[in-house]
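Peer 1: pasted the sequence and its predicted model underneath.
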Amino acid sequence: MLPRLQALKALLQTRTLRLPLPHRVSSFHTSQTLSQPRIYDSVRSTDTFHTLLLTHTTSSTPLITYWTTSYCPACRVVKPLLWRAVEGSNEKIGLAEVELDAPGDVGELGLRYSIHKVPTIMVFVRGESVGEWRVEGGDERMRGKALESKKGWGSGGGRGLWESLFG
């Protein structure tokens, strides 16, 4: 490899860039580090989704996506349970609601990730989908699972957030 290319590659692999200039310069960080759960605003475009996915890929933190529509009654039951579970956890994760019927191009994501039923919960790790759950007419089942597993959230008992929610 050429020396300039090696130097550029080494520079891109560092997280902080410091320039030796005579005046004061702030450092530049290439990725966000999550120290607690992060709940994002609703995703209404493919650009926003890809930005969130890239952010979590570079920081090596899972991203939970909650796929929903405005006309889904089960979605309104599951959403607060999922949000409380994430807020109550001490895991480094992100949570984003993806509104499939939002104006714009977000519906394309539903086709890409084969979302045929809502609500669907999909977990991404390092940019890849590693788990998917569809809540099928199970409003009471979901509520029961959440209450039953609430004891394990954040206790360090070896049960992860999604394992405690979805078995």
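Peer 2: That came through fine.
Peer 1: give the rounded mean pLDDT of stretch 62-74.
Peer 2: For stretch 62-74, mean pLDDT is 94.
Peer 1: ends of it, how far apart?
Peer 2: 24 Å (CA to CA, to the nearest Å).
Peer 1: report the buried residues of it.
Peer 2: 62, 63, 64, 65, 66, 67, 68, 69, 72, 74 (16 or more other CB atoms under 10 Å). C-betas here are computed from N, CA, C, even on glycine.
Peer 1: in helices, which of the residues you listed appear?
Peer 2: residue 74 (DSSP state H).
Peer 1: if we take the buried residues of stretch 62-74, which one ends up nearest to residue 85?
Peer 2: Closest approach to residue 85 among these (CB to CB): residue 64, at 9.5 Å.
Peer 1: was I right about residue 96 contacting residue 63?
Peer 2: Yes. Using CB atoms under 8 Å, residue 96 is in contact with residue 63, at 6.7 Å.
Peer 1: how about the residue nearest to residue 129 when sequence neighbours are not counted, what does it touch?
Peer 2: Leaving out its chain neighbours, the residue that sits closest to residue 129 by CB to CB, 6 or more residues apart in numbering is residue 122, at 5.5 Å. Listed by CB atoms under 8 Å, 6 or more residues apart in numbering, the contact set of residue 122 reads 64, 65, 67, 113, 115, 129, 131, 132, 133.
Peer 1: list the buried residues in the helix or strand containing residue 122.
Peer 2: Residue 122 is part of strand 120-125 when elements are defined by DSSP states H and E. Buried residues in strand 120-125, defined by neighbour count with 16+ other CB under 10 Å: 120, 121, 122, 123, 124.
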